[in-house]
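**Q** got a predicted model here, sequence first, then my questions.
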Amino acid sequence: MFGAACLGLLVVMAVALVRAFAGPSVYDRILAVNMFGTKTVLFIAVYGFFTGRPDFLDIALVYTLINFVGVVAVLRFVEKMIDPKDPSPATENRKEQA
Amino acid sequence: MTLIIDGLTAIFLALGVFLAFTGALGTLRFPDLYTRLHASSITDTLASFMILFGLMLQAGLTLISVKLLLIFLFLWYTSPASSHALIRAAYLNRLPARLIRRPNKETPPSKP
Amino acid sequence: MFSYLRSLSIGLLVFWLLLSGYWDNGLLLLLGVLSMLLVVYLAGRIERYYPLRSLANPRTLLRLPAYWAWLFVEVVKSNIDVARRIWFPRRYPISPVLEQVPMTQTTRLGRTIYANSITLTPGTISVRIMPDSKLLVHALTHQGMDDLKAGEMDRRVTAMGEQ
Amino acid sequence: MLGATAVAIIRLRSLFAVVMLSGIYSLLSASIFVALDAVDVAFTEAAVGAGISTMLLLGTLVLTGHYENEPAHKPLIPLVVVIVTGAVLIWGTLDMPHFGQPDNPIQQHVAPRYIEDSPREVGVPNMVTSVLASYRGYDTFGETTVVFTALVGVLALLGVRQGKTPVQPYNHPDQPPRPVLQVMSKLLMPYILLFALYVQFHGDFGPGGGFQAGVIFASGVILYTLTFGLDDAYAMIHPRILSPLAALGVMLYGATGVAGMLLGSNFLDYSVLAHDPVHGQHYGILLIEFGVGLTVACVMIMIFYAFMSRGEKLG
């Protein structure tokens, strides 16, 4: 039961990863990372029960916090770096990728 | 008794994973960032509740349940804040939103 | 008499006890109290720069659980609605709108609770607090925006902050 | 997934996206550590890899540019070198015993002693802590010193702006800069700090310890700094206090070791700190972990302050 839930969450994480790779704007990537983080929290919680060691929950808690602080930090820096006249990092497109 | 609890846990976990998948699918299907955020808030809210509540049923009335509850509370406090921060930053940087006008009423999109 | 710092220290102590789980270990209890004092000291140093007075209102705290229960039902309802639109986009099309919604809260905390409640329910996201007590909201459907404008949530949040 | 993420990191030229993806990368590797049952490592990866390093990388991006330059030379020669090295390494591992077999050399010499004797000698339920802080006390001391040296380097390069006292800049009820986030971060910050201290003092019992606690504490302060600005953060923790505290952490670690020496034992042998050797170990670990946590927290906050003040100077 827990194993199946873990596998299901891994599939969901993979789907979120697709969004992170695809972009297209930097905000989509941040959204994907945020979703990925939430999924990781749930995954670790379920995995702790799967292996019968619920003391993993502290890690899940750390993730919740770090995820939040991380998103705020990233947005703050994005805000600071993007020049209103040239918002290219926000809407990076195909040709800028290698 | 344990059978009932196990069954309930399985139902909750399955629902939770299904909802999480729905949210992830939504982020792939919806056209722009603003609508994708609605999809991702499904995973943040009800999906996490379902999964964590399913685990809480297994743990019973112990400190483990309390920790699960704390994770849940932190998620419910932080996820709207980070969604709001994200959409606010996107809006202030004039990320274009795809809107559909109301059929009868005129609603001009407001300027930032 | 029920200041923010006092309620904060009670909250922190409960938080520590729940996290720790070692309730019979004297050393850890002592460290917990010391940690609590340190954090309250740090929070006290910044309290005067950005006070959140309405948080200290005990009636608000008592009204919170009822509001949470109501909010939870709303979240479940809107979750089902959005999930439906993800799986069957043909039958349930989306119609995103971005509009300003008036809000009646006056305190920072009340506005934050309202904005966060809007964001928490899938289908509506608060984008920005505008001047003159307006909130810019992005909704997935026209229907969702109309429901929000009916003002049920706004009324409940404001009622919670009253003395 | 790990591989796909790594490839995407290399392919992308926008450094923003690269930082995002490396955050995902470390989340994934932490999941792997969890799956391998290495709880403490996963904890550290969660706090350091996904949290602080993402923030510091972004800070660096603000100070430099955000696009990778076109490579100046053809990547062929480095590619060959990397492939050859990788092949040699894989060839080398063929000789190594299989992962997790009980007759591996590592499982025969040091590990059994740690596993069998540590409950008796150190008496701390979490074995990782006893290895880290007691048996390998020298290594951890060295690591703490390295962290401190990093602070010295960053301060020498960037410097921290001395702050003005904030004159209630956010008392405009109509339109403060980011009201929702400010209220939320103010509400959450005390709990993050307390959680960090919990991780600090429960390192003996579960996953946790000084490094992780220091980073979590710093991220709580960083959250506040990000939403309120440097001046308000200075009002809470001023850099004037921070740098002596960082040094104090290292000194606390060293002093604990010297105290053991003065009481007639080896450097960093805490058995003599109390009448009962096990209690002595316990107090010793508690003290040095506190030293580590103090140093790490102060250093991280200081480095972040330095980045922020340089960023403000650039506009």
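**A** Thanks, I have it.

**Q** which residues touch residue D:143?
**A** Residues near residue D:143 by CB atoms under 8 Å, 6 or more residues apart in numbering or on different chains: none. In short, each C-beta sits where N, CA and C put it, glycine included.

**Q** likewise the one 4 residues further on?
**A** By CB under 8 Å, 6+ apart, the residues touching residue D:147 are D:295, D:296, D:299.

**Q** repeat that for residue A:22.
**A** The contact partners of residue A:22, by CB under 8 Å, 6+ apart, come to residue A:28.

**Q** gap between it and chain C?
**A** Look at residue A:22 and chain C: by CB to the nearest CB, to the nearest Å, they are 17 Å apart.

**Q** ok, back up a step: nearest to residue C:69, of the contacts of residue D:147?
**A** Nearest to residue C:69 among the contacts of residue D:147 is residue D:296, at 41.7 Å by CB to CB.

**Q** burial measure for the closest one, as a count.
**A** Residues within reach of residue D:296, counting by other CB atoms under 10 Å in any protein chain shown, total 29.

**Q** pretty sure it contacts residue D:215?
**A** Yes: using CB atoms under 8 Å, residue D:296 is in contact with residue D:215, at 6.3 Å.

**Q** go through chain C and flag its longest helix.
**A** Identified as the longest helix of chain C according to DSSP state H is helix C:58-87.

**Q** what is that one packed up against?
**A** When contacts are defined as 3 or more CB pairs under 8 Å, 6 or more residues apart in numbering or on different chains; DSSP states H and E, helix C:58-87 sits against helix B:2-29, helix B:33-42, helix C:108-120, helix C:152-161.

**Q** any idea which of these is most buried?
**A** helix B:33-42 (a mean of 26; mean count of other CB atoms under 10 Å in any protein chain shown).

**Q** for the helix or strand immediately after that one in the chain, packing partners?
**A** Sequence order places helix B:48-59 as the next helix or strand after helix B:33-42, per DSSP states H and E. If you count contacts as 3+ CB pairs under 8 Å, 6+ apart, helix B:48-59 packs onto helix A:26-50, helix B:2-29, helix B:63-92.

**Q** could you dump these to TSV with distance to chain D and mean pLDDT?
**A** Listed next are the helices and strands packed on helix B:48-59 as TSV, based on distance: least, CB to the nearest CB, whole Å; pLDDT from 0 to 100:
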stretch	distance to chain D	mean pLDDT
helix A:26-50	4	83
helix B:2-29	14	86
helix B:63-92	4	84
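
**Q** nearest to residue D:58, out of those?
**A** Per CB to CB, nearest to residue D:58 of the helices and strands packed on helix B:48-59: helix A:26-50, 11.2 Å.

**Q** pLDDT weak spots in chain C?
**A** C:1-3, C:48-58, C:161-163 (pLDDT under 70).

**Q** centroid-nearest residue for it?
**A** What sits nearest the mean C-alpha location of chain C, by CA atoms, centre = their mean, is residue C:113, with 3.7 Å.

**Q** how about it: what's its closest non-neighbour residue?
**A** Spatial nearest neighbour of residue C:113, excluding adjacent residues (CB to CB, 6 or more residues apart in numbering or on different chains): residue C:157 at 5.4 Å.

**Q** for that neighbour, give its distance to chain D.
**A** When distance is defined by CB to the nearest CB, residue C:157 is 13 Å away from chain D.

**Q** go ahead and confirm that residue touches residue C:68.
**A** No: assessed by CB under 8 Å, residue C:157 is found out of contact with residue C:68, at 11.8 Å.

**Q** what's the neighbour count on the residue of chain C found nearest chain A?
**A** At 8.1 Å from chain A, residue C:19 is the closest residue in chain C, using CB to the nearest CB. Neighbour count for residue C:19, taken as other CB under 10 Å: 23.

**Q** after the helix or strand where it lies, which helix or strand is next?
**A** According to DSSP H and E, residue C:19 maps onto helix C:4-20. Under the assignment DSSP H and E, the closest C-terminal helix or strand after helix C:4-20 is helix C:26-47.

**Q** show me what that following helix is packed against.
**A** Counting by 3+ CB pairs under 8 Å, 6+ apart, helix C:26-47 packs on helix C:4-20, helix D:179-201, helix D:230-236.

**Q** what's the pLDDT at residue A:51?
**A** Residue A:51 is assigned 77 on the pLDDT scale.

**Q** just want the phi and psi numbers for it.
**A** When read as degrees, to the nearest 10, the backbone of residue A:51 gives phi -90, psi 0.

**Q** what about it, distance to residue C:88?
**A** Relative to residue C:88, residue A:51 is positioned 38 Å away (CB to CB, to the nearest Å).

**Q** also residue C:120?
**A** According to CB to CB, residue C:120 stands 24 Å off from residue C:88.

**Q** hang on, the earlier thing: buried stuff in the longest helix of chain C?
**A** Using 16 or more other CB atoms under 10 Å in any protein chain shown as the test for burial, helix C:58-87 gives C:60, C:63, C:67, C:71, C:74-75, C:78-79, C:81-83, C:85-86.

**Q** tilt between the helix or strand just after that helix and helix C:152-161?
**A** Toward the C-terminal end, the helix or strand that comes next after helix C:58-87 (DSSP H and E) is strand C:97-102. Strand C:97-102 and helix C:152-161 are oriented at 30 degrees to each other (axes from the mean of the first three to the mean of the last three CA atoms, to 10 degrees).

**Q** check whether strand C:97-102 contacts chain B.
**A** Yes: shown here: strand C:97-102 in contact with chain B (CB under 8 Å from any CB of the partner chain) through C:97, C:98, C:99, C:100.

**Q** and the pLDDT at residue D:98?
**A** Residue D:98 is assigned 60 on the pLDDT scale.

**Q** thought the residue of chain C closest to chain A was touching residue B:67?
**A** Yes: Residue C:19 lies in contact with residue B:67 (CB under 8 Å); the separation is 7.4 Å.

**Q** turn the helices and strands packed on helix C:58-87 into a markdown table, columns for distance to residue A:35.
**A** Formatted as a markdown table, those follow (distance: least, CB to CB, whole Å):
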| stretch | distance to residue A:35 |
| --- | --- |
| helix B:2-29 | 7 |
| helix B:33-42 | 5 |
| helix C:108-120 | 15 |
| helix C:152-161 | 25 |
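
**Q** can you say which of these is nearest to residue C:15?
**A** Smallest distance to residue C:15 across the helices and strands packed on helix C:58-87 (CB to CB): 19.7 Å, for helix C:108-120.

**Q** just want the angle from the helix or strand just after the closest one to helix C:108-120.
**A** Going down the chain from helix C:108-120, the next helix or strand is strand C:124-130, by DSSP H and E. For strand C:124-130 against helix C:108-120, the angle by the same axes, to 10 degrees is 150 degrees.

**Q** and chain A, is strand C:124-130 touching that?
**A** No: applying CB under 8 Å from any CB, one finds that strand C:124-130 is not in contact with chain A, the shortest distance being 11.7 Å.

**Q** now for that strand, which elements pack on it?
**A** helix B:33-42, helix B:63-92, helix C:108-120, strand C:134-139, helix C:142-149, helix D:179-201.

**Q** next, count neighbours for the closest residue to residue B:75 other than its chain neighbours.
**A** Leaving out its chain neighbours, the residue that sits closest to residue B:75 by CB to CB, 6+ apart is residue B:48, at 5.2 Å. Other residues lying near residue B:48 total 25 when counted by other CB under 10 Å.

**Q** what do you get for residue C:22?
**A** Other residues within reach of residue C:22, judged by other CB under 10 Å, total 15.

**Q** how much space separates it from residue C:87?
**A** According to CB to CB, residue C:22 and residue C:87 sit 47 Å apart.

**Q** A helix includes residue C:132, no?
**A** No: according to DSSP: H, G, I helix; E, B strand; the rest coil, residue C:132 belongs to no helix; its state is coil.

**Q** torsion angles phi and psi at it?
**A** The phi/psi pair for residue C:132 (degrees, to the nearest 10) reads phi 40, psi 50.

**Q** burial of it, as a residue count?
**A** Using other CB under 10 Å, residue C:132 has 8 neighbouring residues.
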